[in-house]
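Colleague: sequence and predicted model, in that order:
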Amino acid sequence: MDQINSKYLENYASQYASEVCKKFFTGKQFISGQDIVSLTNSTQVNFFVLKELFSQWQDELEKLKSNPYFDYRDITVHDALTNFMNILSKRIKVEKSDFQPLLESATKAAIQVATDPVSYFKAEIERAPKDHINEYLKDNQKYYKWHVPVISFLIDKAGFGLEKEPYLKAIAANYQVIKDDLESQNLLLATLGDVAPFDLDAYLGSDSSGLDTSSGESFFDSVGKTETVASPAVEEKVGEEPLPEIKEEEPSAEPEPIQEQPAISNPSGKLNAAELKRQFEVESYPGMKSVVSSLAESLAINQRFMFTKELFEGNSDLLMHALKKIDASNGFEEAVNYIDARYVEEMNWDINSDPVQEFLRLIYQRFEN
């Protein structure tokens with residue numbers, strides 16, 4: 001890890017939090033838990049805010065239990081207290097002045113996870129109670145959204161004992177094995193860019209410039225359950241490089257119709273919006289003519305899963321960031337050019353693959369129907 005520019009990080013996090021709060025709190029006095037879940041394009045930032053609130057929620061519970069004059073082990077008291085805390089968790093209500101520092105801290109933590117996951121997760125081990133490391137990791141697992149495989153293999157694993165040192169060594173060793181399979185830090189940090197572009201070179205350089213309350217579970221238990229895709233485990237990635245489909249050309253007396261083998265790229269290997277448009281214009285199947293007003297809202301569950309897994313390296317943040325950028329395009333051609341410049345080469349897309357074709361068809365529907 002290069003020497004980081006802590007001043008740049010502080011300034012960036014402050015600017016990011018200020019911009020997000022300025023936009024959200026226009027006309028609003030408070031932010032709720034459900035608001036926080038989808039506050040920014042960066043799921044990791046959102047969930048790190050929730051992680052801090054979860055920690056404070058647990059602290060409140062421990063304060064109550066520390067009172068020596070009452071029997072908190074009594075089953076009636078225990079059940080009533082649990083119900084009270086669960087209801088309280090559904091009443092998250094934070095003013096701007098209190099929320100902005102939380103968002104600042106969450107932003108800095110997200111950047112550290114993206115750029116130096118070993119240091120971040122080692123710090124998590126250090127924060128954990130000495131005799132309850134696994135319990136701490138398990139409780140907080142739902143809040144880890146980036147570089148999850150660095151730490152997930154330790155959760156519910158026996159054999160590391162109660163000391164922290166074996167955990168710290170295991171994280172570092174595991175990272176060396178899997179680091180080439182992790183998401184690109186540039187792509188993770190790009191999810192912050194809609195608010196304020198993050199300059200990775202400046203950060204790594206030495207320059208000193210600048211709900212429903214009837215539920216029997218807590219809000220923190222329910223967080224993350226509606227997500228359709230989780231970051232893939234390391235075991236799912238290793239050795240899973242897709243093999244290209246090989247088709248041998250055989251001489252044919254009759255040439256195949258052009259529409260059956262449409263060209264989707266120009267000689268340079270880049271996407272060609274005009275050729276894609278000609279291809280999709282002649283296609284006809286149920287749903288092809290339907291109107292798509294918002295890409296993010298139009299995705300079926302199976303599409304969301306496929307695009308995230310096959311095109312965006314298992315990172316749902318990147319998918320949603322891409323969809324919002326594409327939705328803001330001025331037309332199909334601009335959207336295709338953005339995809340070609342931003343994702344095709346950097347993420348090694350096979351433009352002839354079924355996932356890419358389905359993704360492009362959806363964009364065609366968005367702008368051409």
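Modeller: Thanks, I have it. Note that the coordinates shown come from a computational prediction; the quantities given were computed from them, not determined experimentally.
Colleague: show me where pLDDT drops low in the stretch 201-350 of the chain?
Modeller: 206-269, 283-292 (pLDDT under 70).
Colleague: neighbours of Ala335, how many?
Modeller: 22 (other C-beta atoms under 10 Å). For glycine as for every other residue, the C-beta is placed from the backbone atoms N, C-alpha and C.
Colleague: which residues are in contact with the nearest residue to it once chain neighbours are set aside?
Modeller: Distances taken as C-beta to C-beta, 6 or more residues apart in numbering place Ser329 nearest to Ala335, at 4.0 Å, with adjacent residues excluded. Contact analysis of Ser329 by C-beta atoms under 8 Å, 6 or more residues apart in numbering lists 335, 338, 367.
Colleague: dihedrals phi and psi, Ser329?
Modeller: phi -70, psi 160 (degrees, to the nearest 10).
Colleague: ok, it to Leu276 distance?
Modeller: Distance, Ser329 to Leu276, by C-beta to C-beta, to the nearest Å: 14 Å.
Colleague: Phe24 and Leu39 touch, don't they?
Modeller: Yes. Using C-beta atoms under 8 Å, Phe24 is in contact with Leu39, at 6.7 Å.
Colleague: what's the overlap in contacts for the two?
Modeller: Applying C-beta under 8 Å, 6+ apart, one finds that Phe24 and Leu39 are jointly contacted by Ile31.
Colleague: which one of these two is surrounded by more residues?
Modeller: Taking neighbours as other C-beta under 10 Å, Phe24 and Leu39 compare with Leu39 leading, 21 against 17.
Colleague: who's in contact with that one?
Modeller: If you count contacts by C-beta under 8 Å, 6+ apart, then Leu39 has 20, 24, 31, 45-46, 49, 103 around it.
Colleague: now Tyr364: closest residue in space, sequence neighbours ignored.
Modeller: Phe280 (4.5 Å).
Colleague: per-domain residue ranges of the protein.
Modeller: Here the domain assignment for the chain is 6-204, 258-368, based on automatic domain parsing.
Colleague: end-to-end on the longest one?
Modeller: The first and last residues of domain 6-204 sit 9 Å apart, counting by C-alpha to C-alpha, to the nearest Å.
Colleague: just the helices from the stretch 101-250 of the chain, written as ranges.
Modeller: 117-127, 133-140, 149-152, 164-178, 185-190, 200-204, 219-222, 234-237 (DSSP state H, counting those that start in this stretch).
Colleague: any idea of the mean pLDDT in the third one?
Modeller: Read it as helix 149-152. Helix 149-152 comes out with an average pLDDT of 87.
Colleague: related to what we said a few turns ago, what is the nearest of the contacts of Ser329 to Pro68?
Modeller: Closest approach to Pro68 among these (C-beta to C-beta): Tyr338, at 62.6 Å.
Colleague: of the contacts of Leu39, buried ones?
Modeller: 20, 24, 31, 45-46, 49, 103 (16 or more other C-beta atoms under 10 Å).
Colleague: circling back: among the contacts of Leu39, which are in strands?
Modeller: Mapping the contacts of Leu39 onto strands (DSSP state E) picks out Ile31.
Colleague: including pLDDT and distance to Leu64, could the contacts of Leu39 go into JSON lines?
Modeller: What follows is those, written out as JSON lines (pLDDT from 0 to 100; distance: C-beta to C-beta, whole Å):
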{"residue": "Val20", "pLDDT": "95", "distance to Leu64": "33"}
{"residue": "Phe24", "pLDDT": "94", "distance to Leu64": "31"}
{"residue": "Ile31", "pLDDT": "92", "distance to Leu64": "25"}
{"residue": "Val45", "pLDDT": "94", "distance to Leu64": "30"}
{"residue": "Asn46", "pLDDT": "93", "distance to Leu64": "28"}
{"residue": "Val49", "pLDDT": "93", "distance to Leu64": "24"}
{"residue": "Leu103", "pLDDT": "95", "distance to Leu64": "27"}
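Colleague: reformat the contacts of Leu39 as a markdown table; add distance to Tyr175.
Modeller: Below are the contacts of Leu39 laid out as a markdown table (distance: C-beta to C-beta, whole Å):
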| residue | distance to Tyr175 |
| --- | --- |
| Val20 | 30 |
| Phe24 | 35 |
| Ile31 | 34 |
| Val45 | 22 |
| Asn46 | 24 |
| Val49 | 25 |
| Leu103 | 28 |
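Colleague: now, which of the contacts of Leu39 sits nearest Leu88?
Modeller: Ile31 (16.3 Å).
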